[in-house]
Structure formats: structure tokens, C-alpha cells
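Prediction below, plus the sequence it came from.
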Amino acid sequence: MPSFLKNKYVVALISATLLLFILMAASAVGRPEVAFIGDAMGAVVTPVQKFFYGIGARIEDSIEFFTEIKTLKEQNEKLLAEIDKLREENRKLQDLKDENDRLRDMLGLKERFGQFDIVGAQVIAKEPGNWFQVFTIDKGTKDGLEKNDVVITNKGVVGHIYEIHANSSKVISIIDHDSSVSALVVRTRDTAVVKGDLVLQNDGLCKMSYIPKDAGIMEGDLIETSGLGGIYPKGLLIGKIKEIDKEPHEISKYAIIEPAVDFKRLEQVFVIRNSVPSVE
């Protein structure tokens, strides 16, 4: 016996096919036995038809499923491309906004300090650490800058140029331990000196020393440059008093100053050009 006849499903299919031919032959001659044969044929063929119909339906569903997946993948790729495009447009708009803010800051500074010649500069490098204690800007002698020119932002005093080259300058900020600024308490008009401190500079703070012990200063008082000392012009905001305490000798007291400028984030600054004669 051929091997394919050993498969019961194949035998059943062949049998069903033979019965179908018999039914067709009976229909052709019009014999009454056709009804009986048709019923027998239906009993065999119907399950087979259902089986193959079910397979066909599942195949059709699978094809439709994979077609939908392909469509969804194409739509997803299109949406991702649109998102990337929107992100790029948003970045460009943010750049324009930042540039507009910088120009507005410069205009505001020129209006506030009309007596000074102000030059915008970009921070291009900084010393190691979290704070902008010493950093480099992209302007120098070719831009008319000089040593000891004062550096500010629209918020307040940053520091001054201590080393200068043709196309760049190094700036020491007011929080650096080597910095010193003559200061004035706006409310009480008491004068003192704001200096950087090795410990406080790690928190972006500085110290105001030599305050008379009977001075009526308070936490929150604003501190400005006094105009004394030969570098910083009068009236530039330094910051505000964060904390007050007595010196160990108790002859005077000191205050911890929170600068108006955020020395953890500096990108754009402004230089007051030729604010005072250069001092070597």
C-alpha cells in the first residue's frame, strides 16, 4: 500500500471526493437515490469544508493583522519624524528667545548705566569646580577692554578683569577668596568690605567684614558697591545680607552675603569698558 494512503486524513479526503463525484453523476441521471447520497456526502464533506474555511479565515485575519502592524509602524515613523522636526524648531525658537533676552538685558543696562560704555561677552571657559569663581570671556584688548574693567550681568556685579589678552580676558568673581569690593548697605548707608572666603565660596557666598558693631543692619538688607577702592563704580548691586554674626574680638561684626548673581550658571556677561584707569 502506498505510504500516503496510510494517512487517515488523506484517505478521508479522497473518499469525500469520490462521494462528491458519485453525487454529481446521480444528479445527472435524476435518480431518487441522490437525496440519500447527498446526505451521506454532506456528513463527510461539511466538516472538511469547515476545517478548511476556518484555516482560510485565520490566514486572512493574520494577513490583516500584519498589514495593520506595517501601517502602524509607518505611522509611528512618520510621527517620530514630525516630533524630531518640532524639537528642532523649538530649539531654534529657544535660541532666538535667549538671544532676544540677552539683547534686552544689554539695552536695559545701557539705559541704567548710560554713562558707561558696555560690551557684551560670552563665557568660554572656567576654572575647575561647580562655581564661576574664575572664568574666561571671549573679549579682550581688540575689543577695547582693559585690566580691572568691571564685569556685570543684568542682576548685579560679577567681578573684574585681572588678566587680559587680545581676544580673551580672565575674570575674578566677587566670591573668589582673592576678591575684595568696597561696599555700602543701601538702607543704613554703613560702609564695609565684601570679600571672598575659602569656605563660603564653595556655597556661592561671600563675606562682608569691618561692619561697626552698632550698625543697624538686618538680614535682607541690600548691598551695593560704594565707589571706593578704585575699581568698582558706585551703585552696582552686590547682593543681600543672608546672616549676621559678631567677629571673635567683638569689636565689629560681619555678614554673610548672598550675591545677586547666580555664580553656578554664567553664560553671558557685560563689561563696563574703561570704567576706571588701568592699575598695574
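Perfect, I can see it now.

Could you chop this protein up by domain?
1-112, 118-273 (automatic domain parsing).

quick one, which of those domains is packed in tightest?
domain 118-273 (a mean of 18; mean count of other CB atoms under 10 Å). Backbone N, C-alpha and C define where each C-beta goes, glycine included.

May I have stretch 244-261 as CSV, with CA atoms only?
The C-alpha atoms that make up stretch 244-261 are tabulated as CSV, following Å, rounded to 0.1, in the frame of the first residue of the first chain:
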residue,chain,number,x,y,z
ILE,A,244,24.8,88.4,60.7
ASP,A,245,27.3,87.5,63.4
LYS,A,246,30.0,89.0,65.7
GLU,A,247,33.7,88.8,65.0
PRO,A,248,35.7,86.8,67.6
HIS,A,249,37.2,90.0,69.0
GLU,A,250,33.7,91.6,69.2
ILE,A,251,34.9,95.0,68.0
SER,A,252,32.9,94.7,64.8
LYS,A,253,30.6,92.2,63.2
TYR,A,254,30.3,90.5,59.8
ALA,A,255,27.6,89.4,57.5
ILE,A,256,27.3,86.6,55.0
ILE,A,257,26.3,87.9,51.7
GLU,A,258,24.2,86.1,49.1
PRO,A,259,25.2,87.6,45.7
ALA,A,260,22.5,88.8,43.3
VAL,A,261,24.3,86.9,40.5
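
Give the next helix or strand downstream of the strand or helix carrying residue 136.
Element membership for residue 136, per DSSP states H and E: strand 134-137. Counting by DSSP H and E, the next helix or strand C-terminal to strand 134-137 is strand 150-152.

can you give me the end-to-end distance of stretch 199-219?
20 Å (CA to CA, to the nearest Å).

One more: stretch 192-208?
6 Å.

Quickly run through the sheet partners of the strand holding residue 136, with directions.
strand 117-126 (antiparallel), strand 169-173 (antiparallel) (DSSP bridges).

what mean pLDDT does that strand have?
Averaging pLDDT along strand 134-137 yields 96.

neighbouring contacts of that strand?
If you take CB atoms under 8 Å, 6 or more residues apart in numbering as the criterion, strand 134-137 is touched by 121-127, 151, 168-173, 176, 266, 269, 271.

do that again at 10 Å, thanks
119-128, 143, 145, 151, 158-159, 161-165, 167-173, 176, 178-179, 263, 266, 268-271 (CB atoms under 10 Å, 6 or more residues apart in numbering).

Report the mean confidence score over whichever helix or strand residue 161 is part of.
Residue 161 is located in strand 157-164, with elements delineated by DSSP H and E. Here strand 157-164 scores 96 as its mean pLDDT.

For that strand, name the packing helices and strands.
Under the contact criterion of 3 or more CB pairs under 10 Å, 6 or more residues apart in numbering; DSSP states H and E, strand 157-164 touches strand 134-137, strand 150-152, strand 169-173, strand 180-185, strand 222-225, strand 237-246, strand 268-273.

Make a markdown table from the ones you listed and add distance to residue 74 to it.
What follows is those, written out as a markdown table (distance: least, CB to CB, whole Å):
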| stretch | distance to residue 74 |
| --- | --- |
| strand 134-137 | 50 |
| strand 150-152 | 55 |
| strand 169-173 | 54 |
| strand 180-185 | 64 |
| strand 222-225 | 61 |
| strand 237-246 | 57 |
| strand 268-273 | 44 |
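
To residue 83, which of those lies closest?
strand 268-273 (30.0 Å; CB to CB).

roughly how far apart are the nearest residue to residue 126 once chain neighbours are set aside and residue 274?
Nearest residue to residue 126, sequence neighbours excluded (CB to CB, 6 or more residues apart in numbering): residue 135, at 4.0 Å. Distance of residue 135 to residue 274, given as CB to CB, to the nearest Å: 21 Å.

Please apply the same query to residue 229.
Applying CB to CB to residue 229 and residue 274 gives a distance of 17 Å.
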